[in-house]
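Asks: here's a sequence, model it:
(2 chains)
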Amino acid sequence: MESVKNKTFTKAGDRIFRSLSTGSGVLILLTLATVSGFLIWQSLPAFTGSPEAAEGDLTGYLLPLVFGTIYSSLLALLIAVPLSIGIGLFISHYAPRALAQTLGYLVDLLAAIPSVVYGLWGIMVLAPAVQPIYEWLTINAAWFPLFSGPVSGTGRTILTVSIVLAIMILPIMSAIAREIFLQTPRLHQEAALALGATKWEMIRLSVLPYAKSGLISAGMLGLGRALGETMAVALVLSPANVISFNLLTSTNSTTIAANIALNFPEASGLNVNLLIASGLVLFVITMVVNIVARRIASGGQR
Amino acid sequence: MFKRKLKNSVVTGVIYATFLLALLPLISLIWTTVSSGLARFDGTFFSSSMRNVIGEGGGALHAIIGTLEVTALATLISVPVGLLTAIYLVEYGKGKLAKAVTFLVDVMTGIPSIVAGLFAFAVFALIFGPAVRMGFAGSIALSVLMIPVVVRSGEEMLRLVPDELREASFALGVPKWRTILKVVIPTAITGLITGIMLSIARVIGETAPLLIVAGFTQSMNYNPFDDRMMTLPVFVYYSYSSQGTDAQAYIDRAWAGALTLIVIVMVLNLGARAIASIFANKTRSNH
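Replies: Here you go, the predicted structure:
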């Protein structure tokens, strides 16, 4: 009798536990489905709705935002990629071993600093600091099309935003770079050195080729972060509804995320739907970037 | 040969220089936050709200309470869901469903925080009308960001538990669910706690979703299920972006809030690492 009771108890316990944990997995599935479902449903009025948000208006509204989002993130990536490779190599191959571990620690900690703090620093410290440089560039390097004036008097330009974004994605990117560099097979490196290669030649011939796919996916992950970053952009940028490649002027394309953060608290009616529609676009962009990153990463492992 | 050696030294120099260059803004960031934040890092800041404060004085108590409540609720939702999902993926998951869940957790990791905020808004607006603002909606938004982090770290930790332990337990006739509860989870518990603390640190500084669904207020609000609720990151943002007549007082409060945030995040991070290393040493010395 006792054992029968025990057995049913065991079976019931197993069934409950199994369905609980499976249920949680399914819950995640449902959450994601509802996220996309709700976003689509709430943004429908902006696509179909009333005359003032006609089809032409919508694309006219979204296009500069999409442009600004991608432009600022690509600039940030351009700055962050060489720096993160440099930091990764420094920690993995150049710094003394004891120091390297502390530095790795430090980099991890920096990844945790909230974005609003980066934004505050960007506008209070970085923007005033780079403004004189921007002024100099518009006068002396105006032949370069991206540097054409008139210069922004506050330094709150898309270039400043990209620098802040680059600093924000540096920790995570250099942490990944460091991990990959450390995983390079010892034998490859020793073989290169034994053949008389200098340290740089060893890195170029054995470490970098090994790390290539990992570095690409680190870059894509950094890009995904920069695309969705909100507060730093909202605080630093002085926005305008334009498409402009100029780096140093006060009319800058803003990003989707910053635009939502700045306008949502006061929005009502159809504007809410419009902002949610832009959020949906951002969701799709970041999702594509992240999926590509994973593909590359898993391709590298195979 | 000389040319190759020269190139080698140049590259070495460049790498040292990049490292120092990258360190520069980060040192500046921490230095400014600490030096500007200390101006208002005082008793009043931690003991009063902003109600009826114009100009100097006032504090962030309402924001700190808000942050603690919103984050605690988010943790209460995310930890069970996240850990159970991790258990599902490691112990039960097979076939298409497990693959789909793994993929979706990856996708979820990449959701921009502001989109999570919009999602929570869309759900709550459906129930409470389009003007809804409440702390709990913020917790839902944070959970969307937190769950994938908990799943990832939990999965990693559970996979580290050697299969021999599970098999030994099964061989003694212990049912699977008791094996998981009594053998697998206790073995992995330090790793799990570390992961949870790091995931809290990850969401406690989120601003954008809370700006959208929790709103902002100058007064104390202890009830996360009703009305606007201030949180620390939003407090920092609003102190800067809507400065009153005495601008310096607002900026000082913004920096003090930023410093508080950094301290909280650092404590969580260092605490997590301390737990991990203390217990790692203990288990090693037992063997």
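
Asks: any idea how far the closest residue to A:Tyr210 other than its chain neighbours lies from B:Ile204?
Replies: Among residues not flanking A:Tyr210 along the chain, A:Thr184 sits closest, at 4.7 Å (CB to CB, 6 or more residues apart in numbering or on different chains). Where C-beta positions appear, they are placed from N, C-alpha and C, glycine not excepted. From A:Thr184 across to B:Ile204, the span is 36 Å (CB to CB, to the nearest Å).

Asks: rewinding a little: quick one: the residue nearest to A:Tyr210 and A:Arg97, what's the gap?
Replies: 16 Å.

Asks: okay, those two: which has more neighbours?
Replies: A:Thr184 (19 against 6; other CB atoms under 10 Å in any protein chain shown).

Asks: residues in contact with that one?
Replies: A:Thr184 makes contacts with A:206-207, A:210-211, as judged by CB atoms under 8 Å, 6 or more residues apart in numbering or on different chains.

Asks: wait, which of the residues you listed is closest to chain B?
Replies: Distances from these to chain B were compared by CB to the nearest CB; the smallest belongs to A:Val207, at 12.2 Å.

Asks: next one: phi and psi at the nearest residue to the closest one once chain neighbours are set aside?
Replies: With sequence-adjacent residues excluded and distances taken as CB to CB, 6+ apart, A:Val207 is closest to A:Thr184, at 4.8 Å. Summarising the backbone geometry of A:Thr184 under the convention degrees, to the nearest 10, its torsions are phi -60, psi 130.

Asks: how close does A:Thr184 get to chain B?
Replies: Taking CB to the nearest CB, to the nearest Å as the measure, A:Thr184 falls 16 Å from chain B.

Asks: how near is that residue to B:Val151?
Replies: If you go by CB to CB, the gap between A:Thr184 and B:Val151 works out to 29 Å.

Asks: likewise for A:Gly196?
Replies: For A:Gly196, the distance to B:Val151 under the criterion CB to CB works out to 48 Å.

Asks: quick one: residues contacting B:Met230.
Replies: Neighbours of B:Met230 in contact, by CB under 8 Å, 6+ apart: B:50, B:62-63, B:66, B:214, B:216-218, B:221.

Asks: filter these down to the ones close to chain A.
Replies: With CB under 8 Å from any CB of the partner chain as the criterion, the subset of the contacts of B:Met230 in contact with chain A comprises B:Phe216.

Asks: tell me which of the contacts of B:Met230 fall in helices.
Replies: For these, the ones inside helices are B:62-63, B:66, with DSSP state H as the criterion.

Asks: what subset of those is buried?
Replies: For those, burial is judged from neighbour counts taken by 16 or more other CB atoms under 10 Å in any protein chain shown, and it is met by B:62-63, B:66.

Asks: a markdown table for those, including distance to B:Val263 and pLDDT?
Replies: Compiled in a markdown table, these are given as follows (distance: CB to CB, whole Å; pLDDT from 0 to 100):
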| residue | distance to B:Val263 | pLDDT |
| --- | --- | --- |
| B:His62 | 18 | 91 |
| B:Ala63 | 14 | 93 |
| B:Gly66 | 17 | 93 |
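
Asks: for those residues, which one is nearest A:Trp200?
Replies: Nearest to A:Trp200 among those is B:Ala63, at 50.5 Å by CB to CB.

Asks: close enough to count as contact, the closest one and B:Val234?
Replies: Yes: taking CB atoms under 8 Å as the contact criterion, B:Ala63 and B:Val234 are neighbours in contact, 7.1 Å apart.

Asks: got a list of what residue 36 touches?
Replies: If you meant another chain, say so; for now it's chain A. Contacts here follow CB under 8 Å, 6+ apart; on that basis A:Ser36 touches A:280, A:283.

Asks: could you do chain B instead?
Replies: Here B:Ser36 is in contact with A:124, B:251-252, B:255, B:259 (criterion: CB under 8 Å, 6+ apart).

Asks: could you redo the last one with a cut-off of 6 Å?
Replies: Each residue near B:Ser36 by CB atoms under 6 Å, 6 or more residues apart in numbering or on different chains is listed here: B:Trp255.

Asks: repeat that for B:Arg202.
Replies: B:Val149 are the contacts of B:Arg202 under CB under 6 Å, 6+ apart.

Asks: count the neighbours of the closest residue to A:Ser268 other than its chain neighbours for me.
Replies: For A:Ser268, the nearest residue in space outside its immediate sequence neighbours is B:Pro130; the separation is 7.3 Å by CB to CB, 6+ apart. One way to gauge burial is a neighbour count; for B:Pro130, by other CB under 10 Å, it gives 14.

Asks: what separates the residue most central in space within chain B from B:Gly173, distance-wise?
Replies: With distances taken as CA atoms, centre = their mean, the residue of chain B nearest its centroid is B:Arg202 (2.2 Å). Between B:Arg202 and B:Gly173 the distance is 41 Å, computed by CB to CB.

Asks: could you do A:Leu27 as well?
Replies: According to CB to CB, A:Leu27 and B:Gly173 sit 32 Å apart.

Asks: which of these two has more neighbours?
Replies: Neighbours were counted for A:Leu27 and for B:Gly173 using other CB under 10 Å; A:Leu27 has more, 15 against 8.

Asks: secondary structure element for that one?
Replies: Here A:Leu27 sits within helix A:2-48, counting by DSSP states H and E.

Asks: now A:Met220
Replies: helix A:208-228.

Asks: so which elements touch that helix?
Replies: helix A:55-89, helix A:158-183, helix A:270-301 (3 or more CB pairs under 6 Å, 6 or more residues apart in numbering or on different chains; DSSP states H and E).

Asks: which of the ones you listed is buried the deepest?
Replies: Per-stretch averages of neighbours, counted by mean count of other CB atoms under 10 Å in any protein chain shown, single out helix A:158-183 among the helices and strands packed on helix A:208-228, with a mean of 24.

Asks: that helix vs helix A:208-228, what angle?
Replies: In terms of direction (axes from the mean of the first three to the mean of the last three CA atoms, to 10 degrees), helix A:158-183 departs from helix A:208-228 by 140 degrees.

Asks: now do A:Glu2, the pLDDT please.
Replies: In the predicted model, A:Glu2 carries a pLDDT score of 48.

Asks: before we move on, what about the one 5 residues further on?
Replies: As summarised for this prediction, A:Lys7 has a pLDDT of 66.

Asks: before we move on, what about A:Thr59?
Replies: Each residue has a pLDDT score; the one for A:Thr59 is 78.

Asks: just list the residues touching it, thanks.
Replies: With CB under 6 Å, 6+ apart, A:Thr59 has no contacts at all.

Asks: out of everything not next to it in sequence, what's closest to the closest residue to chain B within the stretch 151-300 of chain A?
Replies: Per CB to the nearest CB, the residue of the stretch 151-300 of chain A with the smallest distance to chain B is A:Gly228, at 2.5 Å. Leaving out its chain neighbours, the residue that sits closest to A:Gly228 by CB to CB, 6+ apart is B:Pro112, at 2.5 Å.

Asks: A:Ala261 too?
Replies: Closest residue to A:Ala261 apart from its sequence neighbours, by CB to CB, 6+ apart: A:Ala234 at 4.5 Å.

Asks: I'd like the next helix or strand past the helix or strand harbouring that neighbour.
Replies: Counting by DSSP H and E, the element that carries A:Ala234 is helix A:231-236. Using DSSP H and E, the helix or strand that follows helix A:231-236 in sequence is strand A:239-240.

Asks: and that following strand, anywhere near chain B?
Replies: No: using CB under 6 Å from any CB of the partner chain as the criterion, no contacts between strand A:239-240 and chain B are found, and the smallest distance is 13.1 Å.
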